[in-house]
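**Q** got a predicted structure plus its sequence, pasted below:
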Amino acid sequence: MSTTGTVTIDDINEGFADLHKPYNKSQALLEASRCTYCYDAPCIKACPTGIDIPTFIHQIRTQNVKGAAKTILSENIMGGTCARACPTEILCERACVRHHDQGKPVEIGLLQRYAVDYLMESTDEHPFVRAPETGKTIAVVGAGPAGLSCAHRAALLGHKVTVFEAKPKPGGLNEYGLAAYKMVDDFAQKEVAFLLGIGGIEIIYEQYLGKNLNLEQLRTDYDAVFLGIGLGLCNQLKLEGEDLKGVFDAIDFIEELRQTTDKSTMTIGQDVVVIGGGNTAIDAAIQAKRLGAKRVTLAYRRGEDNMTATEWEIDLARKNGVDVRLWLSPIELTGDTHVNSISFEQTSIESGRLVGTGERIQITTDMVLKAVGQKIDASVLSDVLIEQGKIKINDKYQTSIPGVYAGGDCIDTGEDLTVQSVEDGKRAAHAMGHTLFGIDFKEL
Amino acid sequence: MSKLACNIAGIDSINPFWLASAPPTDKYINVVRAFEAGWGGVVWKTLGIDPPVINMSSRYGVHHDRARNVIGINNIELITDRPLETNLREIEQIRKEWPDRVIIGSMMAPLDEKTWKELAIKIANSGVHGIELNLGCPHGMCERGMGSAIGQVPELIEQTTRWVKEVVDIPVFTKLTPNITDILVAAEAALKGGADAVSLINTVNSIASVDLDLMAPTPTVDGKGTHGGYCGSAVKPIALHMVGEIARNPDTRNLQISAIGGIETWRDAAEFIALGASGVQVCTAAMLYGFRIVDDMIAGLENFLDEKGYASLSAFQGKAIPNVVNWNELNINFDTKAFINEDLCIECGRCFIACEDTSHQAITMQENTSGGRDFVVVDDECVGCNLCKHVCPVPDCIDMRPVENGLPVLTWPEHPKNPQRIDAVSLESSLVETGENND
């Protein structure tokens, strides 16, 4: 293990600069001109938050950029983060009709960023006006995308919201989990500050559900509760040697990276092995490489088609020099006190099932990052019903406990994506307003 | 000799591409650069009597499309602001240096016979091939009784044309303003005055935009603006119409036409020639892109001639004129329907919403089994308006297909439902008698 032996500070600064440079006005107008302003557009349907994409791009074209931002934010108050972090290649941009005649979609993500950044940089004024106070109070547990989205929409509707956050900072995975080069210049914090501009939201930090925070008490003290607690626990390999030094959860590695201002002080291995096939694995692998690891191997136990990371992300990893190795299932980590090697068994599919072939390979390593998924910490949820590893909700986002709602990665509404969490939070706020208070959401 | 060699009002030109009288033709250096680039001729920036005019600072306004392409420019510049002698000596010089290129002297003067004649003689003596009368400038000069102030009065068009024809023996081009109600009246006046050719159109009265911070028209001169002359590709349809009207009118069809108005490409030029123009004049396109654009105009027009098998410009000059008719001469039995090519369709829905909201609800939109959308024309509802074809972002995706309906050619004057139809005179007169014919 060393601190960034093979790269210079300049390399690190470059490696953690913006992954996609933002558009300037000229680029934005040119790209906007590629949008056909589809009627009943497929990109809208492909966006979990249902942003009216053709309208906001049209507004960029007419140079009503603030209007464009408002169109975006009215459906997705975290449009800024989503513009940076959404896998647009499997969402809006995949649905873009320009694939058919021009072979490439309109770069909706970059246009969205252009509009939202323009608004956030040009005014401190919040774009929406809060409804008159309803006198209703809502407790939100978790200041991640789902919790903050719910808080914003509930505040907008006139409710008074208190957010309880376990960490010392708000933003959830936007702050602690997304790759650093997707969220430069402290954007997660800027976005939270912007979101709080609606008023009526208070955040209290270092409040742990199940420790210094009690769900029953929240139910007593507030008119409704929203759980946006994410997935608190990391899946483990359950292998020999997993407790050796140099073996980490990728989530913790990324969190440390995100919270370290001077990234050249980070400790990084020379031979890093990342285990997993999702975007967290990809993010960890690329960032390890950019921190100066000599070799980074990403090992996944199935084929590329099974990886939950998008094709674009996998390609990005390869472009960054990550050796992506498939059909490898970890079986053992070895070393005295510090890991120095990891063994895998080759796998294949037989009769539709994943099986080991018996063939083994060994990879020398001094740092192993585990990214094999996360799961809900059920121990903190007392009586809330869990089903297949997620909080069970009905079609109104209500859990098994009356008055308790949930959204984000802790429920099962599809992909565990920021954009889905924002939608969950928004819908839950509408649902509790309707069911509990008889207050219906009207258009912004 | 190039296939593009032509004769315009008796003047031989190596190609039909002249630069119009405007800022690009104001000085020796500009004109030499134009000839080096390959332009066949120039109409020198309008000459007037001394003392020269004084121009404003801030002169052009612009109309952009949303991708920042320039659709049109308007300008408030006046005629040349250099002494007459300076201009004439430069014309003489270039005539010697570029013997195969055409120089036309554009002129305007206050409405006085002696002044017009003396100025015309001086210009002719510089060796120009012809004289163009600027009766169209719609800003500034018209407030002094020149330009469009003359061009909007048919008697004055005739008179000034005659004055010049009486004192020079070179071709005279009368340049017409579009800021009138009927271009034929102006063209007939020029003809009566003895014009060899008409040049049209001059610029269109316009305000390019309003600066919403200054609350003033653009271009803004110290907080105020004035209407200017609009030009560029946006005015091409207006110019085509006016050229076509003169070319197909029996009284004016023998006038030579030097066409002006939004010509940017070889295709634009070919369209004007097809409507009867002998040559074309270009200004805005050169101002936007430089003189080099003539390269493609020449090459593109030559390719067009080759592809169509035309030996020269005259082979297709005026070929579209017989097909420009009055509405009353169109075949009302003609039926055409939109056809959407599924293979090219990108499923944007633009045709659907245009037809559904603003036309005839003749396109259906349906989810298909592969998760996409099918757009299909309902022939019974389609009136053949072309709107869907025009809004479609994909070239050639929608085409219009004439229907073989077996019906004879029928015009409105012959149509059974026309109360004034040719064979319904008795019906018409009966309507008049009973007072029912209110139109």
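**A** Done, it's in. Residues are numbered from 1 along each chain as shown, chains lettered A, B, ... in the order given.
**Q** from residue A:288, how far out is residue A:321?
**A** 10 Å (Cβ to Cβ, to the nearest Å). Yep, even glycine has a C-beta here, placed from its N, CA and C like the rest.
**Q** please say which of those two ends up with more neighbours.
**A** residue A:288 (27 against 14; other Cβ atoms under 10 Å in any protein chain shown).
**Q** so which strand or helix has the residue lying closest to that one once chain neighbours are set aside?
**A** With Cβ to Cβ, 6 or more residues apart in numbering or on different chains as the criterion, residue A:288 has its nearest non-adjacent residue at 4.5 Å, and that residue is residue A:272. For residue A:272, the host element (DSSP states H and E) is strand A:271-275.
**Q** same question, residue B:86
**A** Using DSSP H and E, the element containing residue B:86 is helix B:84-97.
**Q** hang on, the earlier thing: how close does the residue nearest to residue A:288 get to residue B:123?
**A** Distance from residue A:272 to residue B:123, by Cβ to Cβ: 84 Å.
**Q** so what's residue B:107 bridging to?
**A** In this entry, residue B:107 is beta-bridged to residue B:47, residue B:133, by DSSP bridges.
**Q** which residues of chain A lie near chain B?
**A** Residues of chain A found near chain B (Cβ under 8 Å from any Cβ of the partner chain) are A:29-30, A:32-33, A:36-42, A:61-62, A:97-98, A:100-101.
**Q** distance-wise, check residue A:288 relative to residue A:268.
**A** Counting by Cβ to Cβ, the separation of residue A:288 from residue A:268 is 6 Å.
**Q** which residues are in contact with both of those two?
**A** Common neighbours of residue A:288 and residue A:268, counting by Cβ atoms under 8 Å, 6 or more residues apart in numbering or on different chains, are residue A:367.
**Q** about what we covered before: give the ChimeraX command for selecting the buried subset of the residues of chain A next to chain B.
**A** Restricted to buried positions by 16 or more other Cβ atoms under 10 Å in any protein chain shown, the ChimeraX selection for those reads:
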select /A:29,32,33,36,37,38,39,41,42,61,97,98,100
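**Q** the residues of chain A next to chain B in helices, which ones?
**A** Those of these mapping onto helices are A:29, A:30, A:32, A:42, A:61, A:98, A:100, A:101, per DSSP state H.
**Q** the stretch 51-200 of chain A: helices as residue ranges?
**A** Ranges of helices in the stretch 51-200 of chain A, per DSSP state H, counting those that start in this stretch, are A:53-61, A:65-75, A:79-85, A:92-95, A:98-102, A:108-122, A:145-156, A:173-176, A:187-196.
**Q** just the ones you listed: most buried one?
**A** helix A:145-156 (a mean of 30; mean count of other Cβ atoms under 10 Å in any protein chain shown).
**Q** count of neighbours near whatever residue of chain B ends up closest to chain A?
**A** Nearest residue of chain B to chain A (Cβ to the nearest Cβ) works out as residue B:349 at 3.4 Å. Neighbours of residue B:349 under the rule other Cβ under 10 Å: 23.
**Q** so it touches residue B:372, yeah?
**A** No. Contact between residue B:349 and residue B:372 fails when scored by Cβ atoms under 8 Å: they sit 11.1 Å apart.
**Q** if we can go back for a sec, off-centre distance for the helix holding residue B:86?
**A** Here the centre of helix B:84-97 is set off from its chain's centre by 29 Å, with Cα atoms, centre = their mean, to the nearest Å.
**Q** stretch B:379-396 too?
**A** 27 Å.
**Q** next, see if it gets close to chain A.
**A** Yes. Using Cβ under 8 Å from any Cβ, stretch B:379-396 comes into contact with chain A via B:393, B:394.
**Q** return the residues of chain B in contact with chain A.
**A** Residues of chain B that fall close to chain A, judged by Cβ under 8 Å from any Cβ: B:66-68, B:344-350, B:352-353, B:365, B:373, B:393-394.
**Q** restricted to buried residues, select these in ChimeraX.
**A** Provided next is the ChimeraX selection string for whichever of these are buried by 16+ other Cβ under 10 Å:
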select /B:345,346,347,348,349,350,352,353,365,373,393,394
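**Q** quick one on the thing from earlier: chain neighbours aside, what residue packs nearest to the residue of chain B closest to chain A?
**A** residue A:39 (3.4 Å).
**Q** isn't the one you found up against residue B:357?
**A** No. Taking Cβ under 8 Å as the contact criterion, residue A:39 and residue B:357 are not neighbours in contact, 9.1 Å apart.
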